[in-house]
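Enquirer: structure of the sequence below:
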Amino acid sequence: MAAAKVHLGRIASAVLLFGLVSIFFLIYLQLQYLPEHSEQRDEGGASSELWKTIKEVLKSKPKHYVVQTEVSAVRAETSSRFLCWTIDLTDDREFFDLDFRDNDLRFLARELAVASSPFSCFVRIGGTGADYLTYLGNGTHGCREHSIGQVLPSRIDAYAQQKKYYVGGERCLTKERLDGLISFLKYLRTPAIFGLNIERRNGSRWDPANARELLNHAQSRNYHFAGLQLGNEVNLEISAEDHVADLERLTELLRELYPNPR
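Expert: Numbering: from 1, shown residues only. Okay, here's the model as predicted:
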C-alpha cells in the first residue's frame, strides 16, 4: 500500500513538472512568434493596439529600482477636511433614484457630517457620470426629467455607455433635482466639491456654457460650491494638452462669476 502511494506521488510530481515545462515552452514560442507575426493579427484596430501593448510587456525586461525615503521631516500635510464621502452621478450608482427629501437619508448623512466635526469634511459630487451630465434640462438642452424609481440599464462600459442617456437621449440634471441636492447640502452644512461636465465639448475644447448656467443657478439659490473638479479619469479620452486648455477655460469662467472670491 505504501509503495502504491509513493508511486502515485511520483506520477503526480512528474505531471506537475511536465505542465510547468510546457507553460514556459509556450511562453518562449510566443515571444519568438510575436515579432514576426503580430502585425498580421489585426491591423489598424483597437485590438491591434492592445496586441502591441501585450507584445511590449512580454518582451520587456524587469527593471530594478532602489527607493529611499526620508522620514526625519514632514514634507506636506493633507487637510483633515480632505474628503468625507461621495455622491456618485454615474447610472449604476443610483443617483437618479435618490430622494434628497427622504428623512432617513438626511438623518444618516447628517450623522456622518456631525461625526466628522469639528473639521466639517468635504462631500464630493462626481464620478464618470458627471462628465456627461446636462444641467437644468428643460427641452432646450434636449433632455427631460428622470422620474424617481425609473429603471436605467446597467453600465456596460464607462467610456462608451456614458455617452448615452437612456431618458430622452441625454443624461440630465434637472432644475428640480439640482434644487433638491442644494437643499440637501444646506441641511448637512457640509462643503461640496462638484464635478463638471467635461464631455460637453465644442470640437476639442470644453464648452463652459452649461456649467455657467449651473453655477449661476446655484448662486441664485444662495449656494456656492467649495470646489470644482473638471473631469473624472479622462486620460483615456482627452489629451493632457486639451485638458490644460479646458482648465484654463474653467479659470476664466470662475474669474467671470466670482470676481471677488472670499
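
Enquirer: in the helix or strand residue 184 falls within, what's buried?
Expert: In the assignment (DSSP states H and E), residue 184 maps to helix 175-188. Residues 177, 178, 181, 182, 184, 185, 188 are the ones in helix 175-188 that count as buried (16 or more other CB atoms under 10 Å). (Each C-beta comes from the backbone N, C-alpha and C, glycine too.)

Enquirer: let's have these in JSON lines, adding pLDDT and distance to residue 217.
Expert: Formatted as JSON lines, the buried residues of helix 175-188 follow (pLDDT from 0 to 100; distance: CB to CB, whole Å):
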{"residue": "177", "pLDDT": "87", "distance to residue 217": "12"}
{"residue": "178", "pLDDT": "90", "distance to residue 217": "7"}
{"residue": "181", "pLDDT": "93", "distance to residue 217": "11"}
{"residue": "182", "pLDDT": "94", "distance to residue 217": "9"}
{"residue": "184", "pLDDT": "93", "distance to residue 217": "15"}
{"residue": "185", "pLDDT": "92", "distance to residue 217": "14"}
{"residue": "188", "pLDDT": "87", "distance to residue 217": "19"}
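
Enquirer: strand partners (parallel or antiparallel) of whichever helix or strand comes after the helix holding residue 184?
Expert: Heading C-terminal from helix 175-188, the first helix or strand you meet, by DSSP H and E, is strand 192-196. Partner strands for strand 192-196, per DSSP bridges, with pairing direction: strand 123-126 (parallel), strand 227-230 (parallel).

Enquirer: between these, which gets the lowest average pLDDT?
Expert: Note on these: strand 123-126 shows the lowest mean pLDDT, a mean of 91.

Enquirer: CA atoms only for it - export them in CSV, please.
Expert: Only the C-alpha atoms of strand 123-126 are listed here, as CSV (Å, rounded to 0.1, in the frame of the first residue of the first chain):
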residue,chain,number,x,y,z
VAL,A,123,-18.6,65.8,0.2
ARG,A,124,-17.6,65.1,-3.4
ILE,A,125,-20.3,65.0,-6.1
GLY,A,126,-18.9,63.5,-9.3
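
Enquirer: which stretches of the stretch 1-150 of the chain form strands?
Expert: 85-88, 123-126, 134-135 (DSSP state E, counting those that start in this stretch).

Enquirer: quick one: which of the ones you listed is nearest residue 52?
Expert: Smallest distance to residue 52 across the strands of the stretch 1-150 of the chain (CB to CB): 32.8 Å, for strand 123-126.
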